[in-house]
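Engineer: Starting from these lines, generate the structure:
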Amino acid sequence: MKSKAKLLNTIKYVGGIVLTIGIITFLLGIFERGSSVLTPIGIGTVMGAIFIFLMGVFFVATEEMLEKMDKGIAIAPMKIK
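Structural biologist: Sure, this is the predicted structure:
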């Protein structure tokens, strides 16, 4: 369980840092005078942070479900009448 907690904390911090960078870039693009390339870059960075967080949580949940799943279940053949 400790490895899962470490992975979740890592995902949380990386996602938070990328999200903060994206928000700052977006706000710089919005409040800058004239046409700015920073606005779409900020939007993409925020979307990337959300994607990183969701995929990380999905991988941790999948790993936990695979760990708890019973392995080697015998399948008995069906009897045909």
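
Engineer: OK, contacts around residue 15?
Structural biologist: Residue 15 makes contact with 49, 50, 52, 53, 56, according to C-beta atoms under 8 Å, 6 or more residues apart in numbering. C-beta coordinates here come from the backbone N, C-alpha and C atoms, glycine included.

Engineer: same question but for residue 24, I mixed them up
Structural biologist: Residue 24 neighbours (C-beta under 8 Å, 6+ apart): residue 42.

Engineer: so residue 52 makes contact with residue 14?
Structural biologist: Yes: proximity of residue 52 to residue 14 meets the contact threshold set by C-beta atoms under 8 Å, at 6.3 Å.

Engineer: if I look at the two, which residues touch both of them?
Structural biologist: Common neighbours of residue 52 and residue 14 (criterion: C-beta under 8 Å, 6+ apart): none identified.

Engineer: that older thread, who wins for most neighbours among the contacts of residue 15?
Structural biologist: Neighbour counts for the contacts of residue 15, by other C-beta atoms under 10 Å, peak at residue 49, which reaches 20 neighbours.
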